Each structure stands twice: as C-alpha cells, then as structure tokens.
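Peer 1: Got a predicted structure plus its sequence, pasted below:
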Protein chains: 2
Amino acid sequence: MGDIGGLPSVEASEVIGMDDDPGQGVRRKKDSSLVRAAEAVRDGRALAMVSAGNTGATMASALLRMGRLPGVIRPAIATPVPNLGRPWPTVLLDAGANAECTPQMLVQFAQMGAAFARKRYAVERPKVGLLSIGEEKSKGTPLVKETHALLAEGAGGRGLEFVGNVEGRDFFGLSADVIVTDGFTGNVALKTMEGSLRFLIGALTEILGRPEVKETADALYPHLLPLAATLDPDNIGGAMLLGVDGVCVISHGSSSSVAIVNAITEAHDLAVNGLVEAVADSVAQASPVTR
Amino acid sequence: MGDIGGLPSVEASEVIGMDDDPGQGVRRKKDSSLVRAAEAVRDGRALAMVSAGNTGATMASALLRMGRLPGVIRPAIATPVPNLGRPWPTVLLDAGANAECTPQMLVQFAQMGAAFARKRYAVERPKVGLLSIGEEKSKGTPLVKETHALLAEGAGGRGLEFVGNVEGRDFFGLSADVIVTDGFTGNVALKTMEGSLRFLIGALTEILGRPEVKETADALYPHLLPLAATLDPDNIGGAMLLGVDGVCVISHGSSSSVAIVNAITEAHDLAVNGLVEAVADSVAQASPVTR
C-alpha cells in the first residue's frame, strides 16, 4: 500500500488501454490498476471500484476477480438516463454488457435494476418496463414476448411492479423507473439518445454563438443552466455493473474530475448502503425462473 | 371513379382503424381506402399510394395487393432522419416492418436503401453502415456479424459503399447515408431519437415560454426557425415501404395537411423517377446471397 494525498493507494505497474482486448488484457496484465482494484474489493481492502477506462476490461476484471453473485446468470450494466419529470433518472439495463440475452437473463435484469433503483434513488417499488416496439404483449421479438410472459406471471418478484412493454420515447417519461432490454438494443438506444441530444445541443450552441445573437444568448444562459446541469454527464452519475460481488461504477471515458469525485462518492454510498446485498436478495428471493 | 375538387377519386365504404389488427383488417375490409388504394396502384389507375393511417395495415395492403418485387425476401420501412451536416437525411431501415431478420434480409435492406437514397436524394453511391454496438466487426449479435461479413464481401452489389459498423450516434453524422438494421432495433432507435429530441425541445420550449424570458425568446425565434424547420416532421418526408411493386409512402399519424401534400408530391416524383425499378434492379443485380 502506498499513500497519495493522505489516501492509501495500491501500486499498479501495468495499464489496460482503451483499445486492448478486454479478456486478454485482464489475463495478461495482472498488475494493472483495473485488476488490482477488483482484487482490493474482493479482499475487503476497498469498498468499491470506479473506472473510466476500458469498459470491457472493467467488466472482465470485476467479473473474474469479484465473481458473480449466487444465481446471477450474467452481470448487466445499469445506466441512468436523465428525467425532467421527477427527481430521479430512468435506469436502463442492460446498456451493453451482453449482446445476446435469454428471457431468464432479462428477468434478472428487472430484479437487479429494481434493487438498484431502490438503493440508489429510494424508489420503494420501482416500475419496470420491457423495451419493445409497441405496448401490446404481442409486439416484439420472441425474446421480448417470452420475457413479457415471465414478468407478467410475477417472475420478477414482489420488489417491483411490471408495467409491461415500453418504447424508446418512454426513457424520458414517467411510465417506468427501470427499463429492461438486451445489451445490444440497450447500447444502441443509449448511443442514439446521446447522439440525438448532442446533435440538438450542438445545433443550439452554434446558433447561440453567432455574433448577432450574442446579447440574446447572454440573457438566456441563466435560464438554460438548470437544464444543462440535468443533462451534464458529470451530474448524472456513472453506470453500475450489477450482479457481481462488489460495487463497480463505470464512468464515461471523457469524465471530468468532478464526474470522478461524484462517481467515487456514489460508489462509497452504495457500498455502505448495501447495494450488493440488495441485488443478491432480489435475485435470490424472486420466484425461480423455470419455464 | 368519383371526382373530388377536380381530382378523380375512388369510393371506399370501409375504414381500417388505427387499432384494427392489420392482417384481419385487410382481409375483412376489402372496400377500405387502404385496400382500394393499393389495388389502384396494382392496376395502374394510380401512380402511388400515401397513407397516414394504421402502419401495419398500410404495409399489409401494399404487400398483399401490389405484391413483392422479384427476389425480395421482405419489404422494409425506410425512414429519413434529419441531418444538419449535409443537404440530405440519413436513411434508416428497417424502421419496424420486420422484428426478426436474417442476414440475407439485411443485405437486401442495404441494397434497397441505397437505391432509395440514389433516387430520392441523388446520392450516387450511398455509404451504407450496419448498426451495431462498436465499430469492430467482432461487435454485435450473430445477425450483425454475419451481415457484416456478407456486406464486406460485396454482397450489397456495386451500387453502394459498405462503410462497416456504425453506432446510434452516427444517425446525425456524415459517416453513412443509409443505416441498416433489423426492424426491432430500428424501431427502438427511431422512437428513442424522437423521444430524445421531443424531450429536449419540450424543455427548451418551457424555458422560452416563461414570462421573464419572453423578450429574449422573441429575439431568438428567427434564428431558431431554420433548425425547427429541419426537424419539422412536415418537411422531413414520409417513410417509404421498399420492396413492394409500387410506391407506398407511410406518413405520421399526426401529419398536417402540409405533410400530406409533401408526401403526395414525394410519392409522385418517386413513381415518375422509377424508384420501384431502381429497387428491383438493386436486388436483382447484386451478387446472389448464398452462404
């Protein structure tokens, strides 16, 4: 153990780069900070890990060193999506950990996402929606239809309220606190959302930056600040890897120092407040999925 | 044939409602305007059909009455996404006709989408991207990986340039003129996009509508108008059903009269300019997909 600015630190001589293959990186670079961080959580020398590095390698380190919680088929990435209609965001999972999913995995994502919303945002019985292309249970892929049937039968357990299928526009509405989907669709939706918002914000910034608009823009900025703060990735909080035996926050690669401080605070609070135990309980206590 | 305001019209005594089952509606309501319109195109009494009604029933009418083009596995919905970086939009397909797809279908969507971009937007050799969750060809589902391999081998034919995998944020960029995906992912992406833009526009409209901001907002509106016009569904143009033997434009259910006039003009121009023949050629001339 070293010491940096009064905080105990762990030396790590290797780096898993953003372009490194996640699996190979974790296997070969055993003295990388990602692997060392996951080991420190596993061994109880750290409460949680936070990374703004290679997402795949972060997941692989957490999975291989901390291990999965009992009964969890696959860990999933839960990402908060800003919501202006209420004080807490919509939780999207899986945001990209598993490109291919089974209905049983999606049911567990519902359970784990609900536990996260409960612990992180104090939503007592989260409303969970299943991402599809229409509200009717007949809409979607076989994966979605089968998952719908399981959740409608109560496979998600009593800790959540299944609200049925939701659509892409519901990320910003009030119909669901947690939106469940496979990691391929979830990742496409998340990047489409980011792209859409960035596109519009970019267009507005260009307009407001024109010399002839400057005076108007200056008068407008104070009114726009709260909206900008709501959309600021620094304030939204990191994504969480749920289903591993430890708290693992995945921050944006472009995170500012403010974002990292917030992510560390969030990770600390969730570790102290028993996120991992809540996720484990939600998976263990739900009706066994055998269908 | 009747006559409305100088235009010849076809009587139709039935209506397929927005909530009617598409297949049943088309089978049972043979004298509905949707079925009659598709028959008029089939019989050469109309150049094209335009509908702002039940999307499923529009597709079913077109498919059952006009029929598929030779060799087309499944028709797909091509939807234009506004792009500020160039004078033409990004074409997304399939936007929701087929929740389940094979690699062979996606290859045809690439061919048909390229033919549409060529005829509609005069993009000579459209850049076609495959929607995935990373640029590397190893990223995505088995469907995406197999489609990537086929398109990389040139299965799309010479009329397009395959630019590899693209992500959700690329809808608004310059990397692709056409973005291909299955109808489930495409529909989720489209609705997420619409939801994201509506969310931000709603938040801005609320801010600009505050009494204390009114004066500033009034000065700003003239500068915002071109952006609003770019994003206005009335101006973006309708979605097209590609792969059927006739021009079929699918307009938003909330289309204004301006949107309908634009859709009719667009449908007319595409019919006159040989869209259907171009789509048929693109599918017929490409290398046969046998893998």
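Peer 2: Nice, I can see it.

Peer 1: Give me the neighbour count for A:Arg68.
Peer 2: 16 (other CB atoms under 10 Å in any protein chain shown). The way it works is simple: take the backbone N, C-alpha and C, and place the C-beta from them, glycine included.

Peer 1: before we move on, what about A:Ser13?
Peer 2: With other CB under 10 Å as criterion, A:Ser13 counts 10.

Peer 1: so what's it scoring on pLDDT?
Peer 2: Among the per-residue scores, A:Ser13 shows a pLDDT of 95.

Peer 1: repeat for A:Gly25
Peer 2: 92.

Peer 1: roughly how far apart are it and chain B?
Peer 2: 15 Å (CB to the nearest CB, to the nearest Å).

Peer 1: before we move on, what about A:Ser254?
Peer 2: Between A:Ser254 and chain B the distance is 13 Å, computed by CB to the nearest CB.

Peer 1: ok, now A:Gly140?
Peer 2: 6 Å.

Peer 1: Helix, strand, or coil at whatever residue of the stretch 1-150 of chain A ends up closest to chain B?
Peer 2: Using CB to the nearest CB, the single residue of the stretch 1-150 of chain A nearest to chain B is A:Ile133, 4.1 Å away. Secondary structure, DSSP: H, G, I helix; E, B strand; the rest coil: A:Ile133 is coil.

Peer 1: For it, give me its contacts.
Peer 2: A:139-140, A:167, B:96, B:99, B:183-184, B:187-188, B:191 (CB atoms under 8 Å, 6 or more residues apart in numbering or on different chains).

Peer 1: For those residues, please prepare TSV with the additional fields neighbour count, pLDDT and distance to B:Phe116.
Peer 2: Formatted as TSV, those follow (neighbours: other CB atoms under 10 Å in any protein chain shown; pLDDT from 0 to 100; distance: CB to CB, whole Å):
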residue	neighbour count	pLDDT	distance to B:Phe116
A:Lys139	18	89	26
A:Gly140	23	94	26
A:Glu167	23	96	25
B:Gly96	27	94	16
B:Ala99	22	95	21
B:Gly183	23	97	16
B:Phe184	25	98	21
B:Asn187	27	96	18
B:Val188	26	97	21
B:Lys191	23	94	21
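
Peer 1: sorry, back to before: apart from its chain neighbours, what residue comes closest to the residue of the stretch 1-150 of chain A closest to chain B?
Peer 2: B:Asn187 (4.1 Å; CB to CB, 6 or more residues apart in numbering or on different chains).

Peer 1: ditto for A:Met105
Peer 2: Closest residue to A:Met105 apart from its sequence neighbours, by CB to CB, 6+ apart: A:Ile73 at 5.1 Å.

Peer 1: max-length helix in chain A?
Peer 2: helix A:183-208 (DSSP state H).

Peer 1: Any part of the helix or strand just after that helix near chain B?
Peer 2: Using DSSP states H and E, the helix or strand that follows helix A:183-208 in sequence is helix A:214-231. Yes: interface with chain B: helix A:214-231 contributes A:216-217, A:219-220, A:223-224, A:227, A:231 (CB under 8 Å from any CB of the partner chain).

Peer 1: what's the next helix or strand after helix A:214-231 in contact with?
Peer 2: Using DSSP H and E, the helix or strand that follows helix A:214-231 in sequence is helix A:233-236. By CB under 8 Å, 6+ apart, the surrounding residues in contact with helix A:233-236 are A:80-82, A:89, A:229, A:252, A:254-256, A:258-259, A:262.

Peer 1: So which of those residues are in strands?
Peer 2: A:80-81 (DSSP state E).

Peer 1: From the contacts of helix A:233-236, pick the one nearest A:Ala152.
Peer 2: Distance to A:Ala152, by CB to CB, is smallest for A:Val81 among the contacts of helix A:233-236, at 24.1 Å.

Peer 1: Lovely, talk soon.
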